[in-house]
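Chemist: would you be able to build a 3D model of this:
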Amino acid sequence: MKIPTTDSIALGGVQRELERQLEERLAVLEELQPFALPSVDPVAYQTSASHRVAIGQITAALNRIAAGTYGLCTRCGRPIAAARLEVLPYAAACIECQSHAEAA
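Modeler: Numbers count the residues shown, from 1 in each chain. Reported below is the predicted structural model:
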C-alpha cells in the first residue's frame, strides 16, 4: 500500500535526507569505534550505541521507501502524520502506536 498524498518528488527529498543522515552517523560511528568500549570511554560507548540504533532505523526507513510503504505505521498500517515524519523522517510508527509501545 502506497501513501496517496506522498509524491515522488517529496519522497526523493526524504530519501536524500535519510541517506545524508545515514552517512553522517556512519562517519561518527567510525570515528568513535576505537574508543567505544565501556572500560575505555563510557560516553563514546553510549554514543556509539545510540548511533547504531539510529542507523538501523534510518536503514529501515530507506527500505520502506524502496518497498513503497514509507509513511505507513509498521504496527497498524495507518498513515503517519506528515508533521511527525518532518521531525523524525525515520519514524516507523504513528504517534498512537508509539505511545502504546512506550507505555508497555
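Chemist: thought residue 26 was touching residue 55?
Modeler: Yes. Counting by CB atoms under 8 Å, residue 26 touches residue 55, with 6.6 Å between them. Placement of C-beta: from N, CA and C, glycine included.
Chemist: more neighbours: which of the two?
Modeler: Applying other CB atoms under 10 Å to residue 26 and residue 55 shows that residue 55 carries more neighbours, namely 17 against 14.
Chemist: how about the helices in the protein?
Modeler: Residue ranges of the helices in the chain, as given by DSSP state H, are 8-32, 42-67, 82-87, 95-103.
Chemist: would a markdown table of the ones you listed with mean pLDDT and distance to residue 74 be doable?
Modeler: As requested, those are exported to a markdown table (pLDDT from 0 to 100; distance: least, CB to CB, whole Å):
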| stretch | mean pLDDT | distance to residue 74 |
| --- | --- | --- |
| helix 8-32 | 91 | 16 |
| helix 42-67 | 95 | 8 |
| helix 82-87 | 93 | 13 |
| helix 95-103 | 93 | 8 |
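Chemist: what about those, which gets the closest to residue 75?
Modeler: helix 95-103 (4.0 Å; CB to CB).
Chemist: which other helices and strands does the closest one contact?
Modeler: If you count contacts as 3 or more CB pairs under 8 Å, 6 or more residues apart in numbering; DSSP states H and E, helix 95-103 packs onto no helix or strand.
Chemist: what distance separates that helix from the centre of its chain?
Modeler: 16 Å (CA atoms, centre = their mean, to the nearest Å).
Chemist: closest to residue 73 out of the helices of the chain?
Modeler: Evaluated over these, closeness to residue 73 peaks at helix 95-103, with 5.4 Å, by CB to CB.
Chemist: quick check: buried residues in the closest one?
Modeler: 97, 98 (16 or more other CB atoms under 10 Å).
Chemist: can you check stretch 62-76 too?
Modeler: Within stretch 62-76, the residues that count as buried by 16+ other CB under 10 Å are 62, 64, 65, 70, 71, 72, 73.
Chemist: you'd agree the fifth one is up against residue 80?
Modeler: In other words, residue 71. Yes. Using CB under 8 Å, residue 71 is in contact with residue 80, at 5.5 Å.
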